[in-house]
Structures are given as C-alpha cells and as structure tokens.
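Participant: requesting a structural model of the entry that follows:
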Amino acid sequence: MNIITTPINGLLLLEPKVFHDARGWFSESFNQQVFNNAIGNNPATNTPYEFVQDNHSFSHQGVLRGLHYQLPPFAQGKLVRVVQGAVWDVAVDIRKDSITFGRWFGIELSATNSKQLWIPPGFAHGFITLSESAQFLYKTTALYNKDSEGAIVWNDPDINIAWPKIEGDVIVSEKDANNWLLKQLVKNNLFL
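Facilitator: Next up, the predicted model:
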C-alpha cells in the first residue's frame, strides 16, 4: 500500500496495490497491521485506531452529502473509499488548535482508482457524486451517536470548497442545506 501525505497534517491518501490479470483483479483493501504502521496511534489515547462500524451508502449523480462530523466522545476517524462509480471527497480541518483549521482537501475517489482517504477525528467530511451513481464505503473509529452529530453547510463561503461542476443540479438533503456556517459553530463552541 502506498501512503501519500496531504497538505493537512494527519489526513492521508492510501493507494492499495491492485493486481490485474486475465481473470480480472485482486486488491487487499484493508490490513489492520499495515494501517496501524502507516497511521500511528490515536493521539488522544496513544493506542492504535480501532474500527467499530462500517457504513455503505448509494447516491445518484449530483447528490452531495455533508459536511458531517461527530463531537467527542464520539468523534470519528473515517477510512473512506468508493466501490462503484466516482465521487469528489472533501475533508475540512475543524481541530481547534490546528494550524490548518478551516482548510479543506478534496480528491476524486473511484472504483477505478481504488484510492482511500484516512480522515482522522477532528474533520468534517462530505462528498458529491460525479458518476451516474456511486457506492461509498467507510469504516469509522466510533459508533454513530445522534446527539453528538454536527455539520457545516456544504457551500460555506469562508471555507470556499471548489466543488467540481456537474451535469444538472446539486441534490442536497433539507437537513444538509440548513447546516451552520463554520464561524457560527466557532461562536457557539459546537465543534471539535
């Protein structure tokens, strides 16, 4: 597995090796030991990250989900990938003491490129579906907790994410369309 750093500390791109032959292909999509060696320990506990929940979503073209996060003690690290189609995936640093607070990183994840993104706790996360449809998988380090969920509106002008142009309209849930701006969350201390 190839591990690639991003401009935001802790946010890593993982490229599994894909072995092709006449029958098709094979890839080891996750290996706990390789992951632990690449990522290191959780700074909050000084222990290896442990995944406790797997999620799988299906979205039509133009669907935009996010920007979601969970507050401690349910803050989630996420290892995300696409197994059908393609998405533009985005992580926003919302760690209070980070020098990259409020900065975002985006990358295309697809079934074709097999890339995965490790998003440690302390980030808001979202994606937009680029292909006709996409199936998105993510492993999380904490269980979902409704009372701990938080979200930033996807088109926050201060974050200024360069979402790719798509055919047709962006489809956002009513809930995601009414999320708060990052500066409102900071003012009300409703973030990590």
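
Participant: now do the SS call for N37.
Facilitator: For N37, the assignment made with DSSP: H, G, I helix; E, B strand; the rest coil gives helix.

Participant: my read: W180 touches A151, true?
Facilitator: Yes. Look at W180 against A151 with Cβ atoms under 8 Å: they come within range, at 7.2 Å. Placement of C-beta: from N, CA and C, glycine included.

Participant: between these two, point out the one with more neighbours.
Facilitator: A151 (21 against 17; other Cβ atoms under 10 Å).

Participant: element containing the more buried one?
Facilitator: Using DSSP states H and E, A151 sits in strand 149-151.

Participant: show me how far that strand is from its chain's centre.
Facilitator: Distance of strand 149-151 from the chain centroid (Cα atoms, centre = their mean, to the nearest Å) equals 14 Å.

Participant: by contact count, what packs against that strand?
Facilitator: In terms of contacts (3 or more Cβ pairs under 8 Å, 6 or more residues apart in numbering; DSSP states H and E), strand 149-151 is packed against strand 64-70.

Participant: contacts made by the strand it packs on with the rest, please.
Facilitator: The contact list for strand 64-70, computed with Cβ atoms under 8 Å, 6 or more residues apart in numbering, reads 57, 59, 75-76, 90, 92, 94, 123-129, 142, 144-145, 148-154, 156, 163, 170-173, 176, 179, 191-192.

Participant: now with 6 Å, please.
Facilitator: 76, 92, 124-128, 148-152, 154, 170, 172 (Cβ atoms under 6 Å, 6 or more residues apart in numbering).

Participant: quick one: strands adjacent to whatever helix or strand comes next after it?
Facilitator: Downstream of strand 64-70, the next assigned helix or strand under DSSP H and E is strand 78-84. With DSSP bridges as the test, strand 78-84 is paired with strand 116-119 (antiparallel), strand 133-140 (antiparallel).

Participant: give me the contacts around the helix or strand harbouring F105.
Facilitator: Under the criterion of DSSP H and E, F105 resides in strand 104-110. Defining contact as Cβ under 6 Å, 6+ apart, one finds that strand 104-110 is touched by 6, 8, 11, 82, 86-92, 115, 159, 161.

Participant: so which of those sit within strands?
Facilitator: With DSSP state E as the criterion, strands contain 82, 86-92 from among the contacts of strand 104-110.

Participant: from the chain's centroid, how far away is the least confident helix or strand in the chain by mean pLDDT?
Facilitator: One helix or strand of the chain scores below all others by mean pLDDT, DSSP states H and E: strand 41-42, with a mean of 86. Centroid separation for strand 41-42 versus its chain: 18 Å, with Cα atoms, centre = their mean.
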